[in-house]
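Asks: model the structure of this input:
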Amino acid sequence: MTISTQTQHHTCPPPARGISLIELLVALGIVGVLSGLAIPAVSGAVAATHAMQARTALMASYLSALNGAAIANARATLCPSPDGQHCAAGTDWSQGWIAFVDANGDREHQPGEAILSRQGALPSKVRLHSTRGRTRIEIQPAGSVAGSNLTFTVCDARGPKRAQAWVLSNKSTLRVGTPTPEAIAETCTP
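Replies: This next block holds a predicted model:
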């Protein structure tokens, strides 16, 4: 008969690994510096995107009005409209706008006139103004714009130095322009 002897080996768990307070403070410092560098760049990119979205929305509404005027063989009007139903009197388009078939040619949206496009308020800190005295865009059935060139000035969270101007010509072309100091002051001042 054989008797076996077994030896038991006890192993100790490895010592706990962690980070020291100094390592934690260094890591937090690095994260703080990187955040300080990244946040302004990201904020600027977001503001530029919001300004571009405003331009895209305005152009989409303009194209809807242009198409609507041609299809209805009637004038179409694009105007600032905070409530999405009626044209506002001022040059501030920041709270939204509408495009509609202006069947009776009075430059006001009436019951029964089809709304072709409706844009709500622009994102916070994005302001859009049209040329003083030009509160509406009137589009003829043939596609021309009644009146003189219309300039839009847009200002976003990046401030007056980054303000942009878009010029809509009578021939329905939209081009980038240079905003005037007066337009910048009016648009970029809340």
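Asks: got a list of what residue 99 touches?
Replies: By CB atoms under 8 Å, 6 or more residues apart in numbering, the residues touching residue 99 are 61, 62, 64, 65, 68, 76, 77, 78, 115, 116, 117, 118. Using the backbone N, CA and C atoms, a C-beta is placed for each residue, glycine as well.
Asks: ramachandran angles for the residue sitting nearest the centre point of the chain?
Replies: Centroid-nearest residue in the chain: residue 50, 2.8 Å away (criterion: CA atoms, centre = their mean). Main-chain torsions, residue 50, degrees, to the nearest 10: phi -60, psi -40.
Asks: wait, it touches residue 127, no?
Replies: No: counting by CB atoms under 8 Å, residue 50 sits too far from residue 127 to count as a contact (10.6 Å).
Asks: which stretches of the chain form strands?
Replies: For the chain, the strands defined by DSSP state E occupy 76-80, 97-101, 115-119, 127-130, 137-139, 150-155, 164-168, 174-177.
Asks: one step back: any common contacting residues for residue 50 and residue 127?
Replies: With CB under 8 Å, 6+ apart as the test, residue 50 and residue 127 both reach residue 156.
Asks: hang on, the earlier thing: among the strands of the chain, which is nearest residue 27?
Replies: Among the strands of the chain, strand 150-155 comes nearest to residue 27, with 39.1 Å by CB to CB.
Asks: and the closest one, what other elements does it pack with?
Replies: Helices and strands touching strand 150-155, by 3 or more CB pairs under 8 Å, 6 or more residues apart in numbering; DSSP states H and E, are helix 21-72, strand 127-130, strand 164-168, helix 181-188.
Asks: coming back round to it: least confident of the strands of the chain, on average?
Replies: When the strands of the chain are compared by mean pLDDT, strand 174-177 comes last with a mean of 85.
Asks: then that strand to CSV, C-alphas only?
Replies: C-alpha atoms of strand 174-177 as CSV (Å, rounded to 0.1, in the frame of the first residue of the first chain):
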residue,chain,number,x,y,z
LEU,A,174,-26.5,83.9,-55.0
ARG,A,175,-22.9,84.9,-54.4
VAL,A,176,-20.7,85.6,-51.5
GLY,A,177,-20.2,89.3,-50.8
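Asks: that's all I had, so thanks and see you.
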